[in-house]
Every structure is written in structure tokens, then in C-alpha cells.
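Student: could you work out the structure for the sequence below:
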Amino acid sequence: MRKHDLDEVLREQIPALRRYARWLTRDISGADDLVQTSLEKALSRWSTRQVEGELRPWLFSIVYHSFIDSCRRARRYQRFLELFRGDEPTQASLEREYVAGATLSAFERLPEEQRNLLYWVSVEGLSYKEIATMLKVPIGTVMSRLSRARDALRKLAEGTHSPKPALRVLK
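Tutor: This next block holds a predicted model:
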């Protein structure tokens, strides 16, 4: 497809994409940003598009997935802001502060492998498959290790588990 033809085909889809993006975001400027981001993704991935597939559903799926990604990023960013600035929607109780401090302290005491797994999943939002590819292990191994990491964090935060077992001296 020639560049001029591609430009015309995409321009025809913009009004429908903007309506859909406005419905998703409920914000005009946010919708425009979403459409722009989605069109950039579409152009960069044009060669991966299936020729027999229709253009409009493909573009709508890109808009939808871009919207979901931006929502996830916004939630992660908000959690970080709350964590580091101490902002909370409601006034923190002493109990909540204690639990948060215990959890952070427990997180620091976890082995590095478990800390990394929890960070990648909880903070970076990586999928199990992405982590499995990164570590070059089966996805089941990632799930098992993550389960053990969560269990260890919970036990350390509750104070029911020490990182190293206490040994008795026998004479």
C-alpha cells in the first residue's frame, strides 16, 4: 500500500476511533492522546497486520489495549505516589502504618530472587510469561516461585516466620 493510500485509509477511521476513545476515557483531550498513541502503534506495527483482516477492528483493538495499558500505568504511578509521599485517600490509622512498615521491612528481608519476582509482577506489571522468558524458565516455575515469595512475605510481615531458622545448641 502506498503511503498516500495508507494515510487516506487511516484518516477515514479517525472519527470512529475518536468516538470510541472518548467513550473509554470520558475526556476529550485524553481521547485525542489515546487516538494519537494508537495510530503511532498501528503505523509501527503495520507490517504485522494480517492482510485479510479488517482494518477497523484491528485499530479498535489497538485503542482498547492502549487504554488498558495507560490505566494500569496510572494505577501503578498512583500507588507509588501514595507510598513515597505518604498520601492516602483517608487518614491513615496507626494500625495501617504499622502494617505498611512491617510489610516493607519484610520485603527488604526477602531473598533477592523473591524480591525481584514480587517487584516485576506487582510494580512493573510484567506477566508471568514475560518473566519466564526473561529468566529462561517454564511459566509454572515462575508461578511456583511467586507463590512461595508471597507466602514468605506474608509470614515475615506477620512475624510468624524468621528468615533463618533458629538452631538449638545440643551438648
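
Student: what is the worst-scoring helix or strand of the chain on mean pLDDT packed up against?
Tutor: Least confident element among the helices and strands of the chain, by mean pLDDT, DSSP states H and E: helix 94-109 (a mean of 79). In terms of contacts (3 or more C-beta pairs under 8 Å, 6 or more residues apart in numbering; DSSP states H and E), helix 94-109 is packed against helix 112-122, helix 139-158. Every residue, glycine included, has its C-beta placed from N, CA and C.

Student: now do 7 Å
Tutor: Packed against helix 94-109, as judged by 3 or more C-beta pairs under 7 Å, 6 or more residues apart in numbering; DSSP states H and E, are the following elements: helix 139-158.

Student: give me the angle between the helix it packs on and helix 94-109.
Tutor: 130 degrees (axes from the mean of the first three to the mean of the last three C-alpha atoms, to 10 degrees).

Student: show me the contact partners of helix 139-158.
Tutor: 102-103, 106-107, 109-110, 114, 117-118, 121, 128-129, 131-132, 135, 161, 163 (C-beta atoms under 7 Å, 6 or more residues apart in numbering).

Student: give the buried residues for the least confident helix or strand of the chain.
Tutor: Judged by neighbour count (16 or more other C-beta atoms under 10 Å), helix 94-109 contains these buried residues: Ala106, Phe107, Arg109.

Student: for stretch 31-42, same thing?
Tutor: Along stretch 31-42, the positions that meet the burial threshold by neighbour count (16+ other C-beta under 10 Å) are Ala31, Leu34, Val35, Thr37, Ser38, Leu39, Lys41, Ala42.

Student: which one of the buried residues of helix 94-109 is nearest Leu17?
Tutor: When those are compared for distance to Leu17 (C-beta to C-beta), Phe107 wins out at 41.6 Å.

Student: thought the closest one was touching Arg115?
Tutor: Yes: with the criterion set as C-beta atoms under 7 Å, Phe107 and Arg115 qualify as a contacting pair; they are 6.4 Å apart.
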